[in-house]
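Colleague: fold the following and give me the result.
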Amino acid sequence: MSGAESAASPKQDFEKALDQSDTSVASFDTKEKSFLDRIQHFLHGNPTMVPVIVLLASVVVFGLLAGSRFFSPFNLSLIIQQVSIIGILAAAQSLIILTAGIDLSVAAIMVLMSVISGKLAVEMGVPAPLALLVAFVGGTAAGIMNGLLVTRIKLPPFIVTLGTWNIFFALNLWLSGAQSIRSQDIDSAAPLLKFFGNNIALGSARLTYGSILMVVVFVALWYMLNKTAWGRHVYAIGDDKEAAELAGIRTDRTLVSVYALAGFVCAIGAWASIGRVGSVSPQSFYEGNLQSITAVVIGGISLFGGRGSIMGALFGALIVGVFQSGLRLAGVDVLWQVFAIGWLIIIAVAIDQWIRKVSA
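Modeller: Numbers count the residues shown, from 1 in each chain. Now for the predicted structure:
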């Protein structure tokens, strides 16, 4: 072998290897994804589309089963009315779940604040605006209490809010004496408390102010979560708290602010609930915690945190309302309505798990 041939062979070998490498990379890059893979990637990037598709499909199916009664303006507006309070609680719950936590006390905070505002305004003669202000401060303080227990004492959110649920519920029964404040008493002493029970007539439809409030709450929180640095920090904490800390995010302060805001939203729900029920009842919305979690899960917000849109919780609440209304109009027993909602929750979680497994 000549010297020229010996010198040229390493270069030729390198170029040959490089060509083979380029070919393999090109082959990898052009690999065709299956139709199921494309759906998985699409839903991973657009998690809100899952509840939107389910909601549209539910409307079509129950419209066919129940007939024209389901599509009547009155029934559709009634669905929105029925989910308005649970929707507001789901908005508060979404904030916590986006940080990879969970709040079992949202309904207890809401009912306690409704009792406080009712006692102050109706039984103690405090001006209604001041009574509502006290409730807003109280709801925020309850949320801060949850947040401090989670961040300062490092307790799991599930345990913290399970404990405070019992605390707030006991305070609720103690303050109210387990007695409701009647609608007539509210009308005579503080009609402002029932403001969100008023409605707007749109033909045969009846849209309450509480329904409008629910939408306003979701839009405001969507803006905060998607258009502010605070919102980006919330998602970062839910995705990976340790990585967020390394990126310079003050995670504990942000978490406390999330719990405080959730408590404030619960206080808003307290005002709306008085209008919805027409009275101040210490026993109302007892299952609100589980119903709010149901709306969040069905709405495509991951229980593992850091993924999903808060608007999904609104769609989740509407899906539950559509299922209940559609099954009722179809003559299905209440027992089987609960059965169907249970399967809906399981399917929603299974879809979330499948979407999370998408390849990078």
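Colleague: wait, doesn't Leu155 sit right on Leu149?
Modeller: Yes. Counting by CB atoms under 8 Å, Leu149 is a contact partner of Leu155 at 5.4 Å. All C-beta spots, glycine's among them, are computed from the backbone N, C-alpha and C.
Colleague: between those two, which one's more packed in?
Modeller: Leu149 (19 against 14; other CB atoms under 10 Å).
Colleague: now the helices for the stretch 101-250 of the chain?
Modeller: Under the criterion DSSP state H, counting those that start in this stretch, the stretch 101-250 of the chain contains helices at 106-118, 128-151, 157-176, 183-189, 209-227, 229-239, 241-246.
Colleague: how close does the spatially most central residue of the chain get to Ile102?
Modeller: With distances taken as CA atoms, centre = their mean, the chain has Ser94 as the residue nearest its mean C-alpha position (3.3 Å). With the distance defined as CB to CB, to the nearest Å, Ser94 ends up 11 Å from Ile102.
Colleague: quick check: mean pLDDT of stretch 127-147?
Modeller: Computed over stretch 127-147, the mean pLDDT rounds to 97.
Colleague: circling back: ranking the helices of the stretch 101-250 of the chain by burial, who's on top?
Modeller: Each of the helices of the stretch 101-250 of the chain was given a mean neighbour count from mean count of other CB atoms under 10 Å, and the largest, a mean of 30, is that of helix 106-118.
Colleague: which other helices and strands does that helix contact?
Modeller: helix 73-98, helix 128-151, helix 157-176, helix 251-277, helix 288-298 (3 or more CB pairs under 8 Å, 6 or more residues apart in numbering; DSSP states H and E).
Colleague: let's see that helix as CSV, backbone CA atoms only.
Modeller: Provided in CSV are the C-alpha atoms of helix 106-118 (Å, rounded to 0.1, in the frame of the first residue of the first chain):
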residue,chain,number,x,y,z
VAL,A,106,-63.0,24.8,49.4
ALA,A,107,-66.7,24.0,50.0
ALA,A,108,-66.3,24.4,53.8
ILE,A,109,-64.6,27.8,53.3
MET,A,110,-67.5,28.9,51.0
VAL,A,111,-70.3,27.8,53.4
LEU,A,112,-68.5,29.3,56.4
MET,A,113,-68.1,32.7,54.7
SER,A,114,-71.8,32.6,53.7
VAL,A,115,-72.7,32.0,57.3
ILE,A,116,-70.5,34.8,58.5
SER,A,117,-71.9,37.3,56.0
GLY,A,118,-75.4,36.2,56.8
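Colleague: any stretches of the stretch 1-150 of the chain with poor pLDDT?
Modeller: Where the stretch 1-150 of the chain drops to pLDDT under 70, the residues are 1-32, 44.
Colleague: same thing with the stretch 201-350 of the chain?
Modeller: Counting by pLDDT under 70, the stretch 201-350 of the chain shows no low-confidence range.
Colleague: re the thing from before, who wins for proximity to Ser279 among the helices of the stretch 101-250 of the chain?
Modeller: Smallest distance to Ser279 across the helices of the stretch 101-250 of the chain (CB to CB): 4.9 Å, for helix 183-189.
Colleague: rewinding a little: could you dump the helices of the stretch 101-250 of the chain into JSON lines and include distance to Pro282?
Modeller: Supplementary listing: the helices of the stretch 101-250 of the chain in JSON lines, determined by distance: least, CB to CB, whole Å:
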{"stretch": "helix 106-118", "distance to Pro282": "6"}
{"stretch": "helix 128-151", "distance to Pro282": "14"}
{"stretch": "helix 157-176", "distance to Pro282": "4"}
{"stretch": "helix 183-189", "distance to Pro282": "15"}
{"stretch": "helix 209-227", "distance to Pro282": "20"}
{"stretch": "helix 229-239", "distance to Pro282": "32"}
{"stretch": "helix 241-246", "distance to Pro282": "36"}
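Colleague: which ones are touching Met214?
Modeller: Contacts for Met214 were tallied using CB atoms under 8 Å, 6 or more residues apart in numbering; they are 80, 83-85, 87-88, 91, 272, 314.
Colleague: related to what we said a few turns ago, how close does the residue nearest to the centre of the chain sit to Phe168?
Modeller: The value you get for Ser94 to Phe168, if CB to CB is used, is 20 Å.
Colleague: please apply the same query to Ser257.
Modeller: Distance check for Ser257 against Phe168: by CB to CB, it reads 20 Å.
Colleague: so how far is Ser176 from Ser114?
Modeller: Applying CB to CB, the value for Ser114 to Ser176 is 9 Å.
Colleague: kindly report the same for Lys119.
Modeller: Relative to Ser176, Lys119 is positioned 7 Å away (CB to CB).
Colleague: who's in contact with the closest residue to Ala107 other than its chain neighbours?
Modeller: Distances taken as CB to CB, 6 or more residues apart in numbering place Gly288 nearest to Ala107, at 3.0 Å, with adjacent residues excluded. Residues touching Gly288, when contacts are defined by CB under 8 Å, 6+ apart, comprise 85-86, 89, 106-107, 110-111.
Colleague: sorry, back to before: isn't the residue nearest to the centre of the chain up against Val296?
Modeller: Yes. Taking contacts as CB under 8 Å, Ser94 lies within contact range of Val296: 5.3 Å.
Colleague: between these two, which contacts overlap?
Modeller: Overlap of the contact sets of Ser94 and Val296 (by CB under 8 Å, 6+ apart) consists of 312-313.
Colleague: ok, back up a step: out of the helices and strands packed on helix 106-118, nearest to Leu64?
Modeller: Of all the helices and strands packed on helix 106-118, it is helix 73-98 that lies closest to Leu64, at 14.7 Å by CB to CB.
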